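S.K.: please find the sequence and the predicted model below.
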Amino acid sequence: MKQQIIVSGTGGQGVLFLTRVLAQAGLDMGLEVLTSETHGMAMRGGTVISHVKVGPFRSPLVMRGCADTGLILHRGNLEFHGDFIRQDGFCIVNADRPGSYLQVDAMAQAREIGSLVVANLVLLGFAVKKGALFCDVSVMDRVIREVSQPRNLEMNLRGFERGLQS
Amino acid sequence: MEQRILMGNEAIGRGLVEAGCTLASSYPGTPASEVLGSVVAFAGETDARMHIEWSVNEKVAYEVALGHSYTGKRSAVAMKQVGLNVASDPFMRSAYLGVKGGLVVVVADDPGPHSSQTEQDSRFFAQFARIPVFDPSSPAEAKEMVSRAFTLSERYELPVMLRPTTSVCHARQNVVCRTPDVPLREANFEKDPGRWVATPQFLTELHRRLNEKIEGIAAEKEFFPVCTEGDGSLSATCIISSGVAYAHTYELLENMGFLGKVDFFKVDLPYPLNRNFIDRVNSEYRDVLVIEETYPTIEMQLANRNIRGRISKDVPDYGELTPDVIRRVLREFLRVSREDETVLPQARGARPTLCPGCPHRAAFYGIKKTFPRGIFPSDIGCYTLGMNFGAVDTCHCMGACISQGAGLYHAYAADGGTFPTIVVTIGDSTFFHAGIPGLVNAVFTGARIIVVILDNATTAMTGNQPTPQVGLMADGSPGTTVHIPDLVRGSGVAFLRECDPYELDEFMNHLKDADAYCRSDDGGVAVIISKHPCIMDRDARTEQPRYEVFITDACIGCKVCIEQFECPALEYDEETEKVRVNENICIGCGVCETVCPVDAIAVERTVAQ
């Protein structure tokens, strides 16, 4: 198993949380994991991207044109990060309108279940459903339980399930 | 052995605890900030007895660690690359005098730079000081190198640097964790004035011994770079790399089909570079490419003018070596055609901005509004983002703003006549770090400036580490609180006010009074402490009153609230040509009410549930 993923969004959207969930899923499956994330000033509402590589890799970064899957939390980021994704890769986008990507309106879905902050998990659930990730529902479900803060767990799971149904 | 996903900085922290280190000190700074926090976490988890502190600055952190190592115990200090500039004084001399217990100096570099004021290479600094330096290529390797660094440090009684870069610090990887060593050493400071006091008469001898140590390390077989050998198809050709650039290069060579075709060396210890390696490269290879970040440290030690690298500019001599950059370099060096290469524009995306509800925004708005023609030196932290709305004119290095403000004042004052209002902004943590000497200096040299200390009770930019005024130690245990107003008064400041910047009118009145004081006959430095907790602090955010914000029909779409107040929660609606509130991100601070010139922003106190 070898997979390269990018997660793109703006500071505060939960890009880092998704990165951690994906990394833990890789570890739980006994795979090697390397990830890379943005820190510091850019986190204050700026554009952020993180890279996840599962399998025997050395470099923590994904090269442009090499990502098998892109999880895009902010549609506007396609302009900057869309070219990381392979031509035949999965481009999963949180967007309120369709486009040349697999669309899910994660914000609207998250608002409906009562917590905008779980839009990232809606997107994750949707990506799992589309078969865009190296792991299946049961692994992901277990990992979310493992890494969530107790006070956020229930809502995180609801977000994830909502994504699976979207 | 247990495997865990650890960030590079966490892996380093784990390595320090496992190696039986008994003191760790640091000052936060991206990309090094998480090292100390993870030492706290892992020491707690494994019941390791350690002294762990957020020191007030890197110089202090370095000296605390140094003193601890004089007793024979293992110590570590962590900082970002520009932190080493602050700690350079004790750092340089510690090479001459050496250490007893191992001292590992973690200095995180930031090629790119992503979050720093320079992209300097600390390996160069290590070479300048004559201190050995490890260059890890991954989180797992960074952890291993902590242990190797302690061993080397104690064998030669020298501090040893571990220099990760941003891409290693903030990478995460599965890392093997083991049970920490239990440190059994008791503190034992042996007096040796010739060494620990080392007046000039002793220093030439200490210098000679230091050179001997470095030559000894350069001769150690352990540090002869490991080679992934080629099959001879590219004769007399080799590639040399270190750090994360090695990891990128390895993967690129693999993808390009060149791994195993060309000799490929991995340098773990870029300074001092292994002597036999230098001889071998210079005698056996004709075509040599060196890929390293950020300065040509390895390249210069090879001292061979035929080498292709950063000096020859075959590798760009500035900027981060991302895989895309290295790919171009390798294609050129290996003479691979550049099929299908498209050069994409490097857009930077949304610019960072202060959070909705950030108290700094209110303070900056008030300053700019009160003194439209003022000069605004500022400093390093979240509040540097005040430049977005013209309330920050300079930013240099930690604590520089007060002294720069004084220098600006003296320039105008010397011309006679009136001088512009100079309002300096500095965060609370930055004030503790390096602002105090600048304030004392400004007071006693008679500078007439306003210093606004933006006290949000934390070190916000780097992840909310406590300041001395918070009174908490790194592990959450109580320390002794040091109050900023006491320090300000103790520095000889005669005008001191404290105010919550959310109360904009009151804050602006204090600014006017301060300006009048500066311009009065016996005027001098005026200090205003702008006091409101960082709203990233969950408790502070939930405890403060919350308002629902409405835009009324009176809105004329003048965008004053967007352009001059720059709150991300206020957006311009192109269709209605009015402003609207983005309720997803508005925290309900209610400050924007004061800002609207036509009173079209209404707020209503939300009743607490």
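M.R.: Good, I have the coordinates.

S.K.: show me where chain A has strands.
M.R.: Shown for chain A, the strands assigned by DSSP state E span residues A:3-10, A:33-36, A:47-54, A:67-72, A:85-94, A:102-104.

S.K.: the ones you listed: which one's closest to chain B?
M.R.: Between chain B and the strands of chain A, the tightest spacing by C-beta to the nearest C-beta is seen for strand A:47-54, at 2.8 Å. All C-beta spots, glycine's among them, are computed from the backbone N, C-alpha and C.

S.K.: quick check, that closest one touching chain B?
M.R.: Yes - using C-beta under 8 Å from any C-beta of the partner chain, strand A:47-54 comes into contact with chain B via A:T47.

S.K.: how near is B:L259 to A:A119?
M.R.: From B:L259 across to A:A119, the span is 41 Å (C-beta to C-beta, to the nearest Å).

S.K.: more neighbours: which of those two?
M.R.: More crowded of B:L259 and A:A119, by other C-beta atoms under 10 Å in any protein chain shown: A:A119, with 27 against 16.

S.K.: show me what contacts the more buried one?
M.R.: Residues near A:A119 by C-beta atoms under 8 Å, 6 or more residues apart in numbering or on different chains: A:13-14, A:73, A:94, A:106-107, A:109-110, A:159.

S.K.: how about B:N282?
M.R.: When contacts are taken as C-beta under 8 Å, 6+ apart, B:N282 is in contact with B:302, B:304.

S.K.: state the distance from it to chain A.
M.R.: According to C-beta to the nearest C-beta, to the nearest Å, B:N282 and chain A sit 28 Å apart.

S.K.: what of B:V175?
M.R.: Distance from B:V175 to chain A, counting by C-beta to the nearest C-beta: 10 Å.

S.K.: residue numbers of the stretch 351-500 of chain B in contact with chain A?
M.R.: B:351-355, B:382, B:384-385, B:461-462.

S.K.: ok, and the most crowded of the residues you listed?
M.R.: Neighbour counts for those peak at B:M461, which has 28 neighbours (criterion: other C-beta under 10 Å).

S.K.: my read: it touches B:G381, true?
M.R.: Yes - contact criterion C-beta atoms under 8 Å: B:M461 and B:G381 qualify, at 4.9 Å.

S.K.: can I assume B:Q173 sits in a helix?
M.R.: No - according to DSSP: H, G, I helix; E, B strand; the rest coil, B:Q173 belongs to no helix; its state is strand.

S.K.: output the below-cut-off pLDDT ranges for the chain.
M.R.: Looking at chain A here, since you left the chain open. Residues of chain A that meet the criterion pLDDT under 70 lie in A:39-45.

S.K.: right idea, wrong chain: chain B
M.R.: If you take pLDDT under 70 as the line, chain B has these spans: B:338-350, B:607-609.

S.K.: how is it partitioned into domains?
M.R.: Following automatic domain parsing, one gets these domains for chain B: B:2-218, B:221-333, B:359-540, B:545-605.

S.K.: most tightly surrounded among the ones you listed?
M.R.: Of all the domains of chain B, domain B:2-218 has the most neighbours on average by mean count of other C-beta atoms under 10 Å in any protein chain shown, namely a mean of 22.

S.K.: any idea how far it is from the middle of the chain?
M.R.: The chain centroid and the centroid of domain B:2-218 are separated by 15 Å, computed with C-alpha atoms, centre = their mean, to the nearest Å.

S.K.: circling back: got the strands of chain A as TSV, with mean neighbour count columns?
M.R.: Putting those into TSV (neighbours: other C-beta atoms under 10 Å in any protein chain shown) gives the following:
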stretch	mean neighbour count
strand A:3-10	26
strand A:33-36	26
strand A:47-54	26
strand A:67-72	26
strand A:85-94	19
strand A:102-104	20
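
S.K.: next to chain B, which bits of chain A? Give me the list.
M.R.: Contact residues, chain A versus chain B (C-beta under 8 Å from any C-beta): A:10-12, A:19-20, A:23-24, A:26-27, A:32-47, A:57-61, A:63-64, A:76-77, A:79-80, A:83, A:107, A:116.

S.K.: report the buried members of these.
M.R.: The neighbour count (16 or more other C-beta atoms under 10 Å in any protein chain shown) marks A:10-12, A:19-20, A:23-24, A:26-27, A:32-47, A:57-61, A:63-64, A:77, A:80, A:107, A:116 as buried among the residues of chain A next to chain B.

S.K.: now, these that are in helices?
M.R.: A:19-20, A:23-24, A:26-27, A:80, A:107 (DSSP state H).

S.K.: closest to B:E503 out of the contacts of A:A119?
M.R.: Using C-beta to C-beta, A:Q13 comes nearest to B:E503 of those, at 32.1 Å.

S.K.: the closest one contacts A:H74, correct?
M.R.: Yes - taking contacts as C-beta under 8 Å, A:Q13 lies within contact range of A:H74: 6.6 Å.

S.K.: right, and A:R58 touches B:E141 too?
M.R.: No - if you go by C-beta under 8 Å, A:R58 and B:E141 don't touch, sitting 10.3 Å apart.

S.K.: B:R130: what's its closest spatial neighbour, skipping adjacent residues?
M.R.: Nearest in space to B:R130, with sequence neighbours left out and distances taken as C-beta to C-beta, 6 or more residues apart in numbering or on different chains, is B:A95 at 4.9 Å.

S.K.: state the phi and psi torsions of that neighbour.
M.R.: phi -70, psi -40 (degrees, to the nearest 10).

S.K.: with B:T22 instead?
M.R.: Backbone torsions of B:T22, given as degrees, to the nearest 10, read phi -110, psi 0.

S.K.: distance of the residue nearest to it when sequence neighbours are not counted relative to B:G20?
M.R.: Using C-beta to C-beta, 6+ apart and skipping the chain neighbours, the partner closest in space to B:T22 is B:K73 (4.8 Å). Per C-beta to C-beta, B:K73 is found 9 Å from B:G20.

S.K.: next, the contact list for B:V168, please.
M.R.: In this structure, B:V168 makes contact with A:60, B:8, B:136-139, B:142, B:243-244, judged by C-beta under 8 Å, 6+ apart.

S.K.: so it, which of the three states?
M.R.: What three-state DSSP gives for B:V168 is helix.

S.K.: residue in the stretch 101-250 of chain B with the shortest distance to chain A?
M.R.: The minimum distance from the stretch 101-250 of chain B to chain A, using C-beta to the nearest C-beta, falls at B:S115 (3.1 Å).
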